[in-house]
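Engineer: could you work out the structure for the sequence below:
(one chain, ligands or ions: 1)
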Amino acid sequence: MRGARVVAAEFDEIAPGYDESRGGTERAAGFAGMLAPLLDPARPVLDIGVGTGIVAAELAGLGHTVHGLDLSPGMLARARARLGARVAVADACRLPVRSGSVDQAVSTWLLHAGPDNRAVLAEVARILRPGGRYLVIPAGGTRPTDDIGVLVGELEDRLDPDGSRRDGPEWLAPIAAAHGLVYEGTASERPTSFAVSPRAMAESLTRGLFTGAWAVGGEAMRLVDETRSRLLALPDPEVPRVRKSADVVLTFTRRP
Ligand SMILES: C[S@@+](CC[C@H](N)C(=O)[O-])C[C@H]1O[C@@H](n2cnc3c(N)ncnc32)[C@H](O)[C@@H]1O
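Structural biologist: Numbers count the residues shown, from 1 in each chain. Okay, here's the model as predicted:
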């Protein structure tokens, strides 16, 4: 697993182009709209892995008071511009938050991005009050099953053999249960689709924009190179495939 300093440096580097390369305010507004009905507007929300604050700002626009924590000062500088002093640098695996003091927390696209999912869920279980809620929008969503999706899914599995960055409910529910967090199921499912060609996907792997494939040493780069070759060997590599997926909210509740 990559250390916190490496992860922070990677996000510092991509911070300037992050919002635009990840669907901009359209994605953020969509995510906020999925989360808002599951949150109590009368109580503050802690956004763990708040990033540039683009989702948190949309939630704030819907009337929620959002506080944000993130490892990357570069991402957080943008969040500060959006949310003011309610943001701070912190590691999700060692939250600077009192036990049992948080009513509701959210993480969007955090658990695949570097921290050990086991450590994060243990911390979330510690800081939530009994009955408190943790809402997760996983980056994995529903894996596309087109020919690109199959190859990329295999790459993700090979890059993360112990599952520490897997963020689907089949991985998170048992880990959560071990820490006293009950997985309640999914909510707010929102189908998405996007078009990408095998060549464009191969290029995004090279540039490291594809989040599962950030450089983590020689072996990972060998696996990325192999997947890139396999993508380029697919039929009609220039032709975009319409890839269907679904964003979803996973809900966890702290056992009383
Ligand atoms: C893919 S971005 C998502 C940001 C934001 N939630 C969004 O949806 O736009 C992942 C974020 O997680 C942060 N992150 C990664 N590891 C972390 C950790 N251990 N503790 C806190 N934040 C972390 C990164 O710095 C980055 O800002």
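Engineer: up against the ligand, what does the stretch 51-200 of the chain have?
Structural biologist: Taking CB under 6 Å from any ligand atom as the test, the list of the stretch 51-200 of the chain residues beside the ligand reads 51, 54-55, 70-72, 75, 91-93, 108-110, 113-115. C-beta: built from backbone N, CA, C; applies to glycine.
Engineer: can I assume residue 198 is in contact with residue 231?
Structural biologist: Yes: counting by CB atoms under 8 Å, residue 198 does reach residue 231; the two are 4.3 Å apart.
Engineer: pull up the overlap in contacts between those two.
Structural biologist: Taking CB atoms under 8 Å, 6 or more residues apart in numbering as the contact rule, residue 198 and residue 231 both touch 148, 237.
Engineer: can you map out the helices along the stretch 51-200 of the chain?
Structural biologist: 54-61, 73-83, 117-127, 147-159, 169-178, 198-207 (DSSP state H, counting those that start in this stretch).
Engineer: go through these and pick out the most buried.
Structural biologist: The highest average neighbour count among the helices of the stretch 51-200 of the chain, using mean count of other CB atoms under 10 Å, belongs to helix 54-61 at a mean of 23.
Engineer: which elements pack onto it?
Structural biologist: Using 3 or more CB pairs under 8 Å, 6 or more residues apart in numbering; DSSP states H and E, the elements in contact with helix 54-61 are helix 24-35, strand 45-48, strand 66-70, helix 73-83.
Engineer: relative to residue 126, which of these is closest?
Structural biologist: Closest approach to residue 126 among these is made by strand 45-48 (12.3 Å; CB to CB).
Engineer: which residue does the stretch 51-200 of the chain have closest to the ligand?
Structural biologist: Nearest residue of the stretch 51-200 of the chain to the ligand: residue 51, at 2.5 Å (CB to the nearest ligand atom).
Engineer: dump the residue contacts of residue 102.
Structural biologist: Going by CB under 8 Å, 6+ apart, residue 102 touches 46, 127, 128, 129, 132.
Engineer: burial measure for the fourth one, as a count.
Structural biologist: Just to be clear, that refers to residue 129. Burial of residue 129 is recorded as 14 neighbouring residues (other CB atoms under 10 Å).
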